[in-house]
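**Student:** Mind looking at a prediction? Sequence and model below.
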Amino acid sequence: MQLPHKSIVYAIITGIILCYNGILQAQTLNLFDAVNKTLSNYPLIKQREAQLASSKAHITTVNDERLPSLKLMDEVNYGIANSVPGAYFPMGNIPSTSGSIFKSQNGDPSTGSVGISYLDWPVFTFGYYSARTKEAKANMATQQSVLNSEKYLLTNNIITLYLDWLKKYRLLQVETENLSRSETILNAIRANVNSGLKPGVDSSTAVATYAHDRMAYLQANNDYQNDLIAIATFTGSGTIHIEPDTTIVSNGFPDAGNQLQTNDSININHPILDFYQKQYEQQLARNKSIARSYMPKLSLQGAGWLRASSISPQEGYSANLAKGIEYSRSNYLFGAVLSLNLFDIKHRYDKIQEGRYEADSRKYALETQQLGLNQLLQQTNSAYATEMQKLKEFPAELQAARDAYNQQSALYKAGLNTLIDVTNALYVLKQTETDYVLAQDELLQLLYQKAALSNQTNIFLEKFKR
């Protein structure tokens, strides 16, 4: 059999390699998707959602406390029955034997049975049940605010991490381009040295410069990989073959700031402030519930019971113990009970005072957070305006640095300057590119901070949505 031509084999191998590289090619992960994946997969959010569901179920539990209590009991006994007149406090573990039957101790056994139905229904509690329901709803509102604040903080963490990842990706590109330029200079110098056009010291200097740039590239790559692993962990991507979306940088991201309606103060609906507000409201609801718990309670009570005993007033102890199983007497009793513990008045006062201090503490915590966030918002607005002005100067500076490098390279090839001049121009160009990336990152961070403090994170994320 004739083997296929070499060119065909090479074409097949090349096709396989290209397909394989296409599979391994990194996928772009934009910030909008990164945030949504994190909020969907992160265990802490699922924990808070479960706590919120529990607080909702607790409202039903509290409402069901209004239902009456109806207890049914039935028992059959065998033993002896002796008692003496007199009263004592019940101690819970002493069986009840009613009435003195004979003048002396009697060891004859007897049987008895009792069936009881007992109803207890607190129908009027002077607002206690209503206060308990309001407290349960306030607790649910607090749990909702906890969930919202956790989502806010987690969103803040992933956005900050993503922007840092984007910055390090672009810094890695700067180092890659700088290393490529350094390698080009090194190869050109080696050719000139080998041909005797340049002194050997230029080659040694170029080697040292290239080695320095190579180490800077390796460090930049390591920093990028660390953020890449963190992003993959947060989003639950299960792979590190992803890279950040640089579209926002190339599309003029500063315009996104014009869409934000930034205020001079933090709105009370801000997730962080709302958490403290809900804690304060929950404490106020708890104080009312405590106050109502010491109010009187009006209950309807009812009971019905059947009794049987093998001891009768006529026959005394009967040898037929089966008589103690067949019910022979019945009774019922209904009543309305108004109960109030007068000595709880002091306890009520102590509890209410304690609750008031706790409410004041949470109110001051809310005010402290509001002051801090308002200060941060004003500082962010000022820093953003300054950074915008600084960023406008960078394009001209960057173009000048590139022109200077190209001119120095051309002069060096023509033998009109030294390698030091080229190296200095290369350093200035790299530093300018690095500063430009850092300035854009700073502006992005400030832009997000403005959006987060103004509770407009969604508007910010829309700029990163494809």
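**Tutor:** Structure's in. What do you need?
**Student:** drop to CA atoms for contacts and neighbour counts, all remaining ones
**Tutor:** OK.
**Student:** which ones are touching residue 163?
**Tutor:** Residues in contact with residue 163, defined by C-alpha atoms under 8 Å, 6 or more residues apart in numbering, are 441, 444-445.
**Student:** roughly how far apart are it and residue 441?
**Tutor:** Separation of residue 163 from residue 441 (C-alpha to C-alpha, to the nearest Å): 7 Å.
**Student:** So which residues of this protein form strands?
**Tutor:** Counting by DSSP state E, the chain has strands at residues 27-29, 69-79, 110-124, 242-244, 297-309, 311-312, 316-317, 329-339.
**Student:** For the most centrally placed residue in the chain, give its distance to residue 186.
**Tutor:** Nearest residue to the geometric centre of the chain (C-alpha atoms, centre = their mean): residue 150, 3.0 Å. Distance of residue 150 to residue 186, computed by C-alpha to C-alpha: 53 Å.
**Student:** quick check: angle from the longest helix along the chain to strand 110-124?
**Tutor:** Longest helix in the chain by number of residues (criterion: DSSP state H): helix 128-194. Orientation check (axes from the mean of the first three to the mean of the last three C-alpha atoms, to 10 degrees): helix 128-194 against strand 110-124 gives 70 degrees.
**Student:** count of neighbours near the closest residue to residue 366 other than its chain neighbours?
**Tutor:** Once flanking residues are discounted, residue 366 sits nearest to residue 276: 5.2 Å by C-alpha to C-alpha, 6 or more residues apart in numbering. When neighbours are defined as other C-alpha atoms under 10 Å, residue 276 has 24 of them.
**Student:** any idea which of the contacts of residue 163 is the one closest to residue 293?
**Tutor:** Proximity of these to residue 293 (C-alpha to C-alpha) peaks at residue 445, which lies at 51.0 Å.
**Student:** and the closest one, how many neighbours?
**Tutor:** Neighbours around residue 445, by other C-alpha under 10 Å: 18.
**Student:** Where does pLDDT dip in this protein?
**Tutor:** Counting by pLDDT under 70, the chain shows low-confidence ranges at 1-26, 83-103, 192-201, 238-240, 251-264, 466.
**Student:** now residue 317: how far from residue 110?
**Tutor:** Distance from residue 317 to residue 110, by C-alpha to C-alpha: 7 Å.
**Student:** out of the strands of the chain, nearest to residue 406?
**Tutor:** strand 242-244 (30.3 Å).
**Student:** From the contact counts, what lies against that closest one?
**Tutor:** strand 27-29, helix 128-194 (3 or more C-alpha pairs under 8 Å, 6 or more residues apart in numbering; DSSP states H and E).
**Student:** For residue 73, list each beta-bridge partner.
**Tutor:** residue 116 (DSSP bridges).
**Student:** Residue 115 is in contact with that one, correct?
**Tutor:** Yes: under the criterion of C-alpha atoms under 8 Å, residue 73 makes contact with residue 115 at 5.6 Å.
**Student:** For the two, work out which one has more neighbours and name it.
**Tutor:** The residue with more neighbours, out of residue 73 and residue 115, is residue 115; 16 against 10, by other C-alpha under 10 Å.
**Student:** what's the burial count for residue 64?
**Tutor:** Neighbourhood size, residue 64 [other C-alpha under 10 Å]: 11.
**Student:** Need the nearest residue in space to residue 141, chain neighbours excluded.
**Tutor:** residue 278 (6.5 Å).
**Student:** would you list every one of the helices in the protein?
**Tutor:** Remark: helices assigned in the chain by DSSP H are 6-24, 31-41, 43-63, 128-194, 200-235, 247-250, 271-293, 344-391, 394-413, 419-453, 457-462.
**Student:** Same list, those, but as JSON lines with distance to residue 241 please.
**Tutor:** Output for the helices of the chain, formatted as JSON lines (distance: least, C-alpha to C-alpha, whole Å):
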{"stretch": "helix 6-24", "distance to residue 241": "7"}
{"stretch": "helix 31-41", "distance to residue 241": "14"}
{"stretch": "helix 43-63", "distance to residue 241": "23"}
{"stretch": "helix 128-194", "distance to residue 241": "13"}
{"stretch": "helix 200-235", "distance to residue 241": "9"}
{"stretch": "helix 247-250", "distance to residue 241": "18"}
{"stretch": "helix 271-293", "distance to residue 241": "34"}
{"stretch": "helix 344-391", "distance to residue 241": "32"}
{"stretch": "helix 394-413", "distance to residue 241": "31"}
{"stretch": "helix 419-453", "distance to residue 241": "23"}
{"stretch": "helix 457-462", "distance to residue 241": "23"}
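**Student:** before we move on, back to that, would you format the strands of the chain as JSON lines with distance to residue 49 included?
**Tutor:** Formatted as JSON lines, the strands of the chain follow (distance: least, C-alpha to C-alpha, whole Å):
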{"stretch": "strand 27-29", "distance to residue 49": "26"}
{"stretch": "strand 69-79", "distance to residue 49": "33"}
{"stretch": "strand 110-124", "distance to residue 49": "34"}
{"stretch": "strand 242-244", "distance to residue 49": "29"}
{"stretch": "strand 297-309", "distance to residue 49": "37"}
{"stretch": "strand 311-312", "distance to residue 49": "63"}
{"stretch": "strand 316-317", "distance to residue 49": "66"}
{"stretch": "strand 329-339", "distance to residue 49": "41"}
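**Student:** so which of the ones you listed comes closest to residue 233?
**Tutor:** strand 242-244 (12.0 Å).
**Student:** The closest one pairs with which strands, and in what direction?
**Tutor:** Here strand 242-244 is paired, per DSSP bridges, with strand 27-29 (parallel).
**Student:** For the strand it pairs with, what is the distance to the chain centroid?
**Tutor:** With C-alpha atoms, centre = their mean, to the nearest Å as the basis, strand 27-29 stands 25 Å off its chain's centre.
**Student:** Contacts for that strand next, please.
**Tutor:** 241-245.
**Student:** By neighbour count, which of these wins?
**Tutor:** residue 244 (22 neighbours).
**Student:** for that one, what are its contacts?
**Tutor:** Per C-alpha under 8 Å, 6+ apart, neighbours of residue 244: 28-31, 162, 165-166, 169.
**Student:** Same question for residue 365.
**Tutor:** Residue 365 is in contact with residue 276, counting by C-alpha under 8 Å, 6+ apart.
**Student:** measure it to residue 358 for me?
**Tutor:** For residue 365, the distance to residue 358 (C-alpha to C-alpha) stands at 11 Å.
**Student:** Spit out the residues that contact the two alike.
**Tutor:** In contact with both residue 365 and residue 358: no residue, using C-alpha under 8 Å, 6+ apart.
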